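Undergrad: sequence first, then the predicted structure:
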Amino acid sequence: MNCPYCNYQDSKVIDSRDVNEGIRRRRQCLSCGSRFTTYERLQPTSFFVIKKDGRREEFNRMKMLTGIRKACEKRPLPTGTVDQLADDIEAKLYRLSKAEISSAVIGDMVMEGLKSLDYIAYIRFASVYREFTDITALKQEVDTLIGSQMEIFHSTSQLSLLPDDELETVTRRRQRNRK
Ligand SMILES: [Zn+2]
């Protein structure tokens, strides 16, 4: 919490008391000495998730996180990436301020997030979530991904779906075909 007067990032709490559904803190800036007040509140009430079969259950962050973790298992992602993604999605969901949110909306957000992190994790999640019933649908998804990876091949930090040499070969073949 930065000082509203000088923007200094450190302050000390000089008084703290419970108010309605939160805590009110009187603070003093350690740089300019100005006093200001902050409020700490609980997260807004949770929302319900409407499942595919129409049943509703309270949103469970842990459940979502477990799904994402499973998809990212053994993938070379930096520590904290998965939790960060779950945090971002959770914040986005709360910002919708709805009493009920369809599980499809949440699933799509997770897929979108995983797609920008790691294609393997994305495919893993998609294959469970979209319930690819036949290999053709799965292959289509993979082909689409490989196609888009070719387009952004040189400018992306995305982890490779194909081993590098294989990727080179496919890219070269495509370039040759274009000529
Ligand atoms: Zn200050």
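TA: Good, I have the coordinates. Only a predicted model underlies this, so the values are computations on that prediction, with no experimental measurement involved.

Undergrad: can you list contacts of the one helix or strand Gly67 maps to?
TA: Element membership of Gly67 [criterion: DSSP states H and E] is helix 61-72. With contacts defined as Cβ atoms under 8 Å, 6 or more residues apart in numbering, helix 61-72 is touched by 81-83, 85-86, 89-90, 106, 110, 113-114, 117-118, 121-122, 124-125, 128-129. Any C-beta I mention is one placed from the backbone N, CA and C, and that applies to glycine too.

Undergrad: repeat that for 10 Å
TA: The contact list for helix 61-72, computed with Cβ atoms under 10 Å, 6 or more residues apart in numbering, reads 46, 49, 57, 60, 81-83, 85-87, 89-90, 93, 103, 106-107, 109-111, 113-114, 117-118, 120-129.

Undergrad: buried sites along that helix?
TA: Buried positions in helix 61-72, judged by neighbour count with 16 or more other Cβ atoms under 10 Å: 64-65, 67-68, 71-72.

Undergrad: now for the longest helix seen in the chain, which elements pack on it?
TA: The longest helix of the chain (DSSP state H) is helix 135-151. The contact analysis (3 or more Cβ pairs under 10 Å, 6 or more residues apart in numbering; DSSP states H and E) places helix 135-151 against helix 119-129, helix 164-178.

Undergrad: scan the helices and strands of this structure for the one with the lowest mean pLDDT.
TA: Using mean pLDDT, DSSP states H and E, helix 164-178 stands out as the lowest-scoring helix or strand of the chain, at a mean of 54.

Undergrad: please identify the helix or strand for the one residue sitting closest to the centre of the chain.
TA: Per Cα atoms, centre = their mean, the C-alpha nearest to the average position across the chain is that of Leu85, at 2.6 Å. Using DSSP H and E, Leu85 sits in helix 81-95.

Undergrad: now the element after whichever strand or helix holds Arg27, going C-ward?
TA: According to DSSP H and E, Arg27 maps onto strand 22-29. Later in the chain than strand 22-29, the nearest helix or strand by DSSP H and E is strand 35-41.

Undergrad: name every strand pairing with that following strand and say which way it goes.
TA: When pairing is defined by DSSP bridges, strand 35-41 lines up against strand 22-29 (antiparallel).

Undergrad: hmm, the strand it pairs with touching the ion?
TA: Yes: for strand 22-29, a contact with the ion is found by Cβ under 5 Å from the ion, at Cys29.
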